[in-house]
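> please find the sequence and the predicted model below.
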Amino acid sequence: MGQIPQRFIDDLLARVDVVEVVGERVQLKKAGRNYSGLCPFHQEKSPSFTVSQDKQFYHCFGCGAHGNALRFLMEYDQLRFPEAVEQLAGRLGMEVPREGADDPRAQARERKRQEGVNLLELAASFFRERLKMPEARAARGYLEQRGLSPEVQGDFGIGYAPDAWEGLKRHLSERGIPESVQVEYGLLVHREDSGRTYDRFRDRVIFPIRDFKGRTIAFGGRVLGDAKPKYLNSPESPVFHKGRELYGLYEARQANRQLERLVIVEGYMDVVALAQFGIRNAVATLGTSTSEEHLQRLFRLVGEVVFCFDGDRAGRQAASRALETVLPLMIDGRQARFLFLPEGEDPDTLVRREGPEAFEDRITCASPLSEFLFEEAGRGRDLARVEDRERFATTVLRALEKLPEGVLKSLLLGELAKRTGVEVGRFQALMKAAEPAPAEAPPPMPDAPPGEWGEPEPPAATPRRKGAPLTLLGRALQLLVHEPALVARLPEEGGWWPADDPDAALCGEVIRLLRAGGYRSGQVLLAHFHGRPEGQRLAELVRRELPIPREVRGEELEGLVAHFRRQYQQRSPQSEFEALLSKERNGERLSREEKQRLNELVLTLSRGR
């Protein structure tokens with residue numbers, strides 16, 4: 001499908017009322033000219049969340065969340081940019097237009113996306129149907145032995161992959177799904193040596209992995225025999241990223257829309273077993289450690305996260321890694337707890353032995369972050385000895401440096417002072433001395449349209465640390481992010497930027513997006529990259545001050561382009577060849593002229609050898 005035109009987005013945001021959109025999900029009260037309420041993106045007891053009807057903007061002084069109606073839907077409902085636009089348009093009965101929808105490449109991309117959606121749902125249906133067949137007797141016996149009722153099996157869409165090399169492959173191929181697509185989405189394995197393809201999942205109980213909308217994006221399989229590995233997940237694919245997804249999150253939200261706490265366990269069998277006993281707020285990572293992205297996602301939904309680990313050494317090490325990850329996210333109002341199970345037990349076995357009430361009690365009594373932090377720092381140390389007390393204090397201070405400023409940090413410093421006998425002021429001085437010199441906070445964009453980058457001024461601005469100096473291409477990209485209309489001053493042909501610059505691929509993508517959508521808004525541009533590392537890079541460029549006056553920004557950008565072109569002309573054939581080759585290897589499409597130049601360079605360099 002083509003890009004959504006900027007003019008339509010402008011019209012949509014002009015018609016919709018952010019107060020109505022937010023008010024359907026957050027209880028708001030009139031407070032002067034604005035509305036206020038409890039922030040939906042972090043837990044708080046007194047309202048710090050403001051919605052401005054005049055500016056059509058929301059802002060939280062507690063966690064910094066801010067944006068317009070479109071951004072709110074993306075953050076609250078966890079929608080991608082096009083989905084949020086569709087939902088807003090649907091409220092007003094508007095049809096979302098697309099530019100370039102007749103572009104063969106856009107049509108091919110949409111067909112491919114739809115193929116993936118259809119493929120995974122067809123596979124999920126295939127696995128569910130096979131669980132009812134005579135061939136799945138052992139799988140049904142396993143599920144019965146684990147005490148899983150038909151209702152819970154249905155809630156989680158559990159199925160069975162038959163013990164055949166090409167069972168799913170034949171089923172999907174008969175329905176017109178190419179083998180290449182089945183390989184791309186992780187359902188088939190392709191052997192390079194023989195060229196043969198076969199089913200990835202065989203003789204396994206299958207657990208569909210769903211996104212927040214309930215769409216199947218991958219699978220997990222538990223083996224029934226002695227094959228290895230015992231548990232097998234789909235590989236990364238266009239729709240599945242292990243470091244982002246959590247098994248059971250969709251099902252937990254379906255069971256309770258007013259979740260207050262989520263428990264992170266190790267595997268999908270633990271999630272399903274707890275659900276069988278009525279504990280419907282468990283999720284599991286998918287073969288990876290808990291990431292910052294996982295936790296950011298969970299803290300948008302709940303105020304408390306409980307990490308559940310085995311009580312052995314490996315469990316303790318995993319808990320230490322989780323502590324490191326969660327510390328920077330612990331703004332006031334959030335809670336993190338650490339639950340260690342008896343050695344040799346997992347949530348599945350323990351809930352069956354003790355019952356759900358006892359397991360819930362364990363969750364409630366799990367160690368708070370503060371207790372676990374001090375316990376870990378003091379492990380193996382005799383605090384009666386000065387040297388051990390110094391190492392203990394140093395370990396805790398390093399952890400506290402990662403905490404956001406707030407009440408929790410102050411309380412932990414006070415507790416550290418009590419345990420070591422050192423005054424709080426001394427610890428504060430040590431932490432301040434260790435901090436890099438802060439830079440002045442960049443002001444908001446003076447020429448941004450109302451309701452875009454502008455936001456209510458917080459009571460006290462937090463100084464930002466200086467980032468790394470921008471490269472020349474980084475400066476060009478910053479100009480485009482701050483003022484998207486400048487794309488009109490760039491050459492029509494690509495390839496003028498240095499291919500070996502870290503921002504090269506992102507620069508090309510931004511330029512293509514701006515030209516396709518005609519966007520004039522930096523906020524809309526960032527929305528396209530929401531949830532991606534590239535989005536973080538663009539947000540960093542937005543936060544940096546742009547000292548160039550608006551009236552000369554176009555000339556500045558043209559000057560940078562001229563500089564890059566001069567550099568390009570002065571390069572040796574070898575460096576030019578390597579730059580073009582690097583661009584192609586990074587997945588960027590070479591223009592016809594660049595391909596022709598690459599062929600010329602190959603001939604030139606081969607003659608010189």
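Okay, I see it.
> can you pull the contacts of the residue nearest to G414 when sequence neighbours are not counted?
For G414, ignoring the flanking residues on the chain, the nearest one in space by CB to CB, 6 or more residues apart in numbering is V424 at 5.8 Å. In this view, the C-beta of every residue, glycine as well, is placed from N, C-alpha and C. Applying CB atoms under 8 Å, 6 or more residues apart in numbering, we find V424 in contact with L413, G414, A417.
> equivalent analysis for A275, please.
V152, D155, F156, G248, E251, A255, A282.
> ok, so what distance separates the first one from R257?
When CB to CB, to the nearest Å is the yardstick, V152 and R257 sit 19 Å from each other.
> so which of these two has more stuff around it?
Set V152 next to R257 and count neighbours by other CB atoms under 10 Å: V152 wins out with 19 against 8.
> burial measure for the closest residue to that one other than its chain neighbours, as a count.
Distances taken as CB to CB, 6+ apart place Q276 nearest to V152, at 5.0 Å, with adjacent residues excluded. Other residues lying near Q276 total 22 when counted by other CB under 10 Å.
> also R353?
11.
> now F338, what's its secondary structure?
What DSSP: H, G, I helix; E, B strand; the rest coil gives for F338 is strand.
> pretty sure it contacts F307?
Yes - the pair F338 / F307 is scored as a contact, 5.2 Å apart, by CB atoms under 8 Å.
> which neighbours do the two have in common?
What both F338 and F307 touch, as defined by CB under 8 Å, 6+ apart, is the set A319, A322.
> rewinding a little: show the pLDDT at the residue nearest to G414.
With respect to pLDDT, V424 has a value of 82.
> list the contacts for L526?
So L526 contacts V481, G535, L538, A539, V542 (CB under 8 Å, 6+ apart).
> whichever of the contacts of A275 end up buried, select them in PyMOL.
Only the buried entries of those go into this PyMOL selection, using 16 or more other CB atoms under 10 Å:
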select buried, resi 152+155+156+248+251+282
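> between the contacts of A275, which sits nearest A504?
Of all those, G248 has the smallest distance to A504: 39.3 Å, by CB to CB.
> measure that closest one to K242 for me?
14 Å.
> just to revisit the earlier point, out of the contacts of L526, who's nearest D270?
Distances from D270 to the contacts of L526, taken by CB to CB, are shortest for G535, at 32.4 Å.
> looking at this, that closest one is in a helix?
Yes - G535: assigned to a helix according to three-state DSSP.
> and it, how many neighbours does it have?
When neighbours are counted by other CB under 10 Å, G535 comes out with 16.
> pLDDT value on the nearest residue to it once chain neighbours are set aside, please?
Leaving aside its sequence neighbours, G535 sits nearest to F529 (CB to CB, 6+ apart; 3.5 Å). You'll see F529 listed with a pLDDT of 75.
> what about F529, distance to P484?
From F529 to P484 the distance is 13 Å (CB to CB).
> quick check: V26 touching L38?
Yes - with contact defined as CB under 8 Å, V26 counts as touching L38 (7.1 Å).
> mutual contacts of those two, please.
Shared contacts of V26 and L38 (CB under 8 Å, 6+ apart): F49.
> all helices of the stretch 351-500 of the chain, in order?
Remark: helices assigned in the stretch 351-500 of the chain by DSSP state H, counting those that start in this stretch are 356-364, 369-378, 386-402, 407-420, 424-434, 472-482.
> need those helices in a markdown table (columns: distance to G495).
Shown next, in a markdown table, are the helices of the stretch 351-500 of the chain (distance: least, CB to CB, whole Å):
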| stretch | distance to G495 |
| --- | --- |
| helix 356-364 | 57 |
| helix 369-378 | 50 |
| helix 386-402 | 42 |
| helix 407-420 | 49 |
| helix 424-434 | 45 |
| helix 472-482 | 13 |
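> pick the most buried one from those helices.
Most buried of the helices of the stretch 351-500 of the chain by mean neighbour count (mean count of other CB atoms under 10 Å) is helix 472-482; its value is a mean of 21.
> can you name the element that comes right after that helix?
helix 504-517 (DSSP states H and E).
> what comes up buried for that following helix?
Buried residues in helix 504-517 (16+ other CB under 10 Å): A504, A505, L506, C507, G508, V510, I511, L513, L514, A516, G517.
> what ranges of the stretch 101-250 of the chain fall below the confidence cut-off?
101-114 (pLDDT under 70).
> which parts of it are strands?
Counting by DSSP state E, counting those that start in this stretch, the stretch 101-250 of the chain has strands at residues 159-161, 188-190, 197-199, 204-210, 216-223, 231-233.
> between those strands, which gets nearest to R550?
strand 216-223 (43.6 Å).
> what lines up beside the closest one in the sheet?
strand 204-210 (antiparallel), strand 231-233 (antiparallel) (DSSP bridges).
> list the contacts of V271.
V271 neighbours (CB under 8 Å, 6+ apart): Y247, G248, E251, V265, A282, V283, A284.
> biggest separation within those residues, which pair?
The widest separation within the contacts of V271 (CB to CB) is 13.2 Å, between E251 and V265.
> and the nearest residue to L232 once chain neighbours are set aside, how many neighbours does it have?
In this structure, L232 finds its nearest non-sequential neighbour in G221, 4.7 Å apart by CB to CB, 6+ apart. As a burial measure, G221 scores 24 neighbours (other CB under 10 Å).
> next one: the one 10 residues further on
Around Y231 there are 17 other residues, counting by other CB under 10 Å.
> and the nearest residue to it once chain neighbours are set aside, how far is that from N233?
In this structure, Y231 finds its nearest non-sequential neighbour in R222, 5.7 Å apart by CB to CB, 6+ apart. According to CB to CB, R222 stands 11 Å off from N233.
> can you check D17 too?
For D17 relative to N233 (CB to CB), the value is 43 Å.
> between the two, who's got more neighbours?
More crowded of D17 and N233, by other CB under 10 Å: N233, with 21 against 13.
> surely that one and L286 touch.
Yes - counting by CB under 8 Å, L286 is a contact partner of N233 at 5.4 Å.
> overlap in contacts, the two.
I209, A218, G220, K242.
> can you redo these as TSV with distance to Q56?
Below are the shared contacts of N233 and L286 laid out as TSV (distance: CB to CB, whole Å):
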residue	distance to Q56
I209	37
A218	38
G220	43
K242	37
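> mind putting the residues you listed into a markdown table with distance to Q523 and neighbour count?
Putting the shared contacts of N233 and L286 into a markdown table (distance: CB to CB, whole Å; neighbours: other CB atoms under 10 Å) gives the following:
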| residue | distance to Q523 | neighbour count |
| --- | --- | --- |
| I209 | 32 | 26 |
| A218 | 32 | 25 |
| G220 | 37 | 22 |
| K242 | 30 | 18 |
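> now, the most widely separated pair of those residues?
Checking those with CB to CB, the most distant pair is G220 and K242, at 10.7 Å.
> which residues are in contact with each of the two?
Joint contacts of G220 and K242 (CB under 8 Å, 6+ apart) are N233, L286.
> just give me the neighbour total for the nearest residue to G62 once chain neighbours are set aside.
Counting by CB to CB, 6+ apart, G62 lies nearest to S48, which is 4.1 Å off, once chain neighbours are set aside. Neighbourhood size, S48 [other CB under 10 Å]: 20.
> contacting residues around S48?
C39, C60, F61, G62 are the contacts of S48 under CB under 8 Å, 6+ apart.
> run the last query once more with 10 Å
36-39, 42, 59-63, 332-333, 458-459 (CB atoms under 10 Å, 6 or more residues apart in numbering).
> just give me the closest of these to R489.
H59 (33.0 Å).
> quick one: end-to-end distance for stretch 40-59.
11 Å (CA to CA, to the nearest Å).
> show me what counts as buried in it.
So, applying 16+ other CB under 10 Å, buried residues of stretch 40-59: 40-44, 47-52, 55-59.
> follow-up on the earlier one: closest to G380 among the shared contacts of N233 and L286?
Nearest member of the shared contacts of N233 and L286 to G380, counting by CB to CB, is K242, at 33.5 Å.
> what comes up buried for stretch 545-563?
L546, I548, R553, E556, L557, L560, V561.
> can you give the distance of stretch 377-387 from its chain's centre?
In terms of CA atoms, centre = their mean, to the nearest Å, the gap separating the centre of stretch 377-387 from the centre of its chain is 39 Å.
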